[in-house]
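**Student:** show me the folded form of this:
(one chain, ligands or ions: 1)
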Amino acid sequence: MSTLRIAPTMKPGEPIVRVRGLVNRFGEQVVHDGLDLDVRPGEILGVVGGSGSGKSVLMRTILGLRRPDAGEIAVFGIDAVAHDPVRRREIERRCGVLFQDGALFSSLTVGENVQVPLKEYHPHLPGSLLYELSLLKVKLAGLPADAIDKLPAQLSGGMRKRAGLARALALDPPLLFLDEPTAGLDPIGAAAFDRLIRTLQQALGLTVFLITHDLDTLYAICDRIAVLADRRVIACAPVEEVEQLDHPWVREYFHGPRARAAQAAREAI
Ligand SMILES: Nc1ncnc2c1ncn2[C@@H]1O[C@H](COP(=O)(O)OP(=O)(O)OP(=O)(O)O)[C@@H](O)[C@H]1O
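**Tutor:** Presented below is the predicted three-dimensional model:
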């Protein structure tokens, strides 16, 4: 396993993401109200909760794409809420993001998509090196080399996810955000993507914030699960502890037939 990658801005023992007292509102609707969360270095944290519980809003707020109504967020020990473009850029530079829809530029090839962040942060790299670097990321994401010259529309759904992952890994980020990476994939494709995430996390020393509805993913690769309900994180613990919680959403989610199938699949491994 590779060395865990943290940042010089972090104190020993500090979480890689620390959220305290987070409040997010849209008009009258309160999405988060006093939400606390720690993401520990080197873990795969699964983030679950009912539809509309605020998982994506939480991710966007941590990434600085939305300014919260109240609360503190530190990413790599850097204040992520402060209006400071230099600090913001320092955080952005170290975070890879795979959005739910892949968010690839449809008119660019896979390789050109991967080169977008490389060009932004390293504008003077020669074209041949940009190509080599993007090829490396394409292969790292488990795509065949010839996918580099294809347009997103020429790829299957699973390959598009991998192309999005290749772009998310472009700048060698120590922290990776994944929003429902296995949504829309068939079970075999989803299991393969889970294995890829686990392998990359171990090989590259990544910390992963992973939003999912996929019970198989939770049981297969997550070190801890954060449950969003009642506008807060009501639990953050290994799946065996979380499934014992006495909460209506947890009971329904973790003790339904799909959960039993996911548990059985893990026991069979
Ligand atoms: N830009 C916005 N303007 C108004 N309301 C918003 C906005 N973004 C999110 N919301 C609302 O905030 C709530 C939480 O949304 P969010 O997308 O974070 O949920 P989620 O937990 O990710 O849901 P899902 O599992 O369905 O993807 C929802 O009720 C949504 O309608």
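
**Student:** any residues of the stretch 51-200 of the chain in contact with the ligand? List them.
**Tutor:** Proximity of the stretch 51-200 of the chain to the ligand is confined to 51, 52, 53, 54, 55, 56, 57 under the rule CB under 6 Å from any ligand atom. C-beta here means a position set from N, CA and C on the backbone, and glycine is covered the same way.

**Student:** secondary structure class for the last one?
**Tutor:** With DSSP: H, G, I helix; E, B strand; the rest coil as the basis, residue 57 sits in helix.

**Student:** that one reaches residue 32, doesn't it?
**Tutor:** Yes - with contact defined as CB atoms under 8 Å, residue 57 counts as touching residue 32 (7.0 Å).

**Student:** circling back to that earlier point, list buried residues within the residues of the stretch 51-200 of the chain next to the ligand.
**Tutor:** 53, 54, 55, 56, 57 (16 or more other CB atoms under 10 Å).

**Student:** how about those in TSV, adding pLDDT?
**Tutor:** Below are these laid out as TSV (pLDDT from 0 to 100):
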residue	pLDDT
53	94
54	96
55	96
56	94
57	96
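
**Student:** picking up where we left off before, looking at the residues of the stretch 51-200 of the chain next to the ligand, spot the one nearest residue 119.
**Tutor:** Minimum distance to residue 119 across those is 27.3 Å, recorded for residue 56 (CB to CB).

**Student:** just give the closest residue to that closest one, not the sequence neighbours.
**Tutor:** Setting aside the residues directly before and after it, residue 56 is nearest to residue 179 in space (CB to CB, 6 or more residues apart in numbering), at 6.1 Å.

**Student:** that neighbour reaches residue 211, doesn't it?
**Tutor:** Yes - taking CB under 8 Å as the definition, residue 179 is a contact partner of residue 211 at 4.8 Å.

**Student:** can you show me the strands along the stretch 151-269 of the chain?
**Tutor:** Remark: strands assigned in the stretch 151-269 of the chain by DSSP state E, counting those that start in this stretch are 175-179, 207-211, 224-229, 232-237.

**Student:** distance between stretch 232-246 and the chain's centre?
**Tutor:** 19 Å (CA atoms, centre = their mean, to the nearest Å).

**Student:** mean confidence for it?
**Tutor:** The predicted model assigns stretch 232-246 a mean pLDDT of 94.

**Student:** what about that stretch, start to end distance?
**Tutor:** One end of stretch 232-246 sits 16 Å from the other (CA to CA, to the nearest Å).
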